[in-house]
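1. got a predicted structure plus its sequence, pasted below:
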Amino acid sequence: LVAAGYLRNLRDAEELHDVAVAHGLEVLRALAAPCSVPLATGETEELDRILAAFTESGEWGRLDMLEVSIVDLEGRVVAHTDPRRFGEIQADAFTTAARHADAPLSRTLDVQGDRRLRLGMPIAAGLRWGTATATLSLARADGFARSRRNEALWGALTNAALVGLLVYGLLAALVLRPMREVTDALHRMADGDLDTRVDLGRRSPEFVLLADVLNGLAKRVSDGRRHLETQVLDRTRALEEANAE
């Protein structure tokens, strides 16, 4: 149960990641579309206006975006959600790969324990004019996945405990209690109480057979002892009569 819950949680986390990638790429594609003409004509103010409008939209918060940048063919930043980054050359591995990719690109990175999603989208209008890149934080998605994993874990443990109690109850009723009754009967027989019998009751066929064998054994031993006692009494009486004569 625990393993099944863990594997299901891993599958859910992968699906959640795929949804984040697909939604992020769609949003980035919608953002990159109006940037092609200003990028081709060098209208950086229009690019800044587009990014400013985007940061004020609901998608920015829903996707947990950290930054969005527009770079030209050489990798120089021509617009950025952080104005201080304007004009710098982005030569990191992902931006370089996104600049040379003809299709949208996504990559998950681990930055000091914080998973981040990098997205790249070509900006083209007939010709390739640049690339739009975005960085998303996966902290909230990972937190949700951890919460779901903990819920699945505790749910699986609770179910396992309930199943364990049920199995224990069945074993106690079908195996342990009959075995205890048989053991107690054997102890009483060993102590000399040969009239002890195991109650057959509503037991499984195996225990009915075992109890029947033990009861038969106790009856034979008890009958044998009574027969010996009767013989001893008869011999004693005969001896007393002989002595009296």
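-> Arrived safely, thanks for sending. Numbers count the residues shown, from 1 in each chain.
2. where does the prediction get shaky in the chain?
-> Applying pLDDT under 70 to the chain flags the ranges 200-204.
3. ok, which stretches of it are helices?
-> 2-32, 36-41, 44-55, 58-62, 93-100, 139-171, 177-190, 205-244 (DSSP state H).
4. which ones are touching the residue lying farthest from the centre of the chain?
-> Relative to the mean C-alpha coordinate of the chain, counting by CA atoms, centre = their mean, the farthest residue is residue 245 (94.5 Å). Contact criterion CB atoms under 8 Å, 6 or more residues apart in numbering gives no residues in contact with residue 245. All C-beta atoms are positioned from the backbone trio N, CA, C, and that covers glycine.
5. my guess is residue 210 contacts residue 182, does it?
-> Yes: using CB atoms under 8 Å, residue 210 is in contact with residue 182, at 6.4 Å.
6. what about residue 95, how many neighbours?
-> Residues near residue 95, counting by other CB atoms under 10 Å, number 20.
7. with residue 237 instead?
-> With other CB under 10 Å as criterion, residue 237 counts 10.
8. what's the answer for residue 219, then?
-> Neighbours of residue 219 (other CB under 10 Å): 13.
9. ditto for residue 46
-> Count around residue 46 with other CB under 10 Å applied: 16.
10. over to residue 113?
-> By other CB under 10 Å, 6 other residues sit near residue 113.
11. list phi and psi for it.
-> phi 80, psi 0 (degrees, to the nearest 10).
12. that one and residue 139: what is the separation?
-> 10 Å (CB to CB, to the nearest Å).
13. residues in contact with residue 115?
-> Counted by CB under 8 Å, 6+ apart, residue 115 has contacts 108, 109, 137, 138, 139, 142.
14. so which of the residues you listed is the most crowded?
-> Result: residue 138 is most packed of the contacts of residue 115 (other CB under 10 Å), 20 neighbours.
15. wait, residue 156 touches residue 4, no?
-> Yes: contact between residue 156 and residue 4 holds when scored by CB under 8 Å: they sit 7.1 Å apart.
16. give me the more crowded residue out of these two.
-> Comparing residue 156 with residue 4 by other CB under 10 Å, the one with more neighbours is residue 156, at 18 against 11.
17. and the more buried one, what does it touch?
-> 1, 2, 4, 5, 6.
18. of these - the most surrounded one?
-> Going by other CB under 10 Å, residue 5 tops those with 20 neighbours.
19. now that one: how far from residue 154?
-> Applying CB to CB to residue 5 and residue 154 gives a distance of 9 Å.
20. likewise for residue 55?
-> From residue 55 to residue 154 the distance is 39 Å (CB to CB).
21. CSV for the helices of the chain, including distance to residue 87?
-> Output for the helices of the chain, formatted as CSV (distance: least, CB to CB, whole Å):
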stretch, distance to residue 87
helix 2-32, 20
helix 36-41, 15
helix 44-55, 10
helix 58-62, 23
helix 93-100, 15
helix 139-171, 30
helix 177-190, 83
helix 205-244, 86
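22. out of those helices, which gets nearest to residue 121?
-> helix 2-32 (4.4 Å; CB to CB).
23. chain center to the closest one, what's the gap?
-> 17 Å (CA atoms, centre = their mean, to the nearest Å).
24. what does stretch 102-120 give?
-> Worked out by CA atoms, centre = their mean, stretch 102-120 lies 25 Å from the chain centre.
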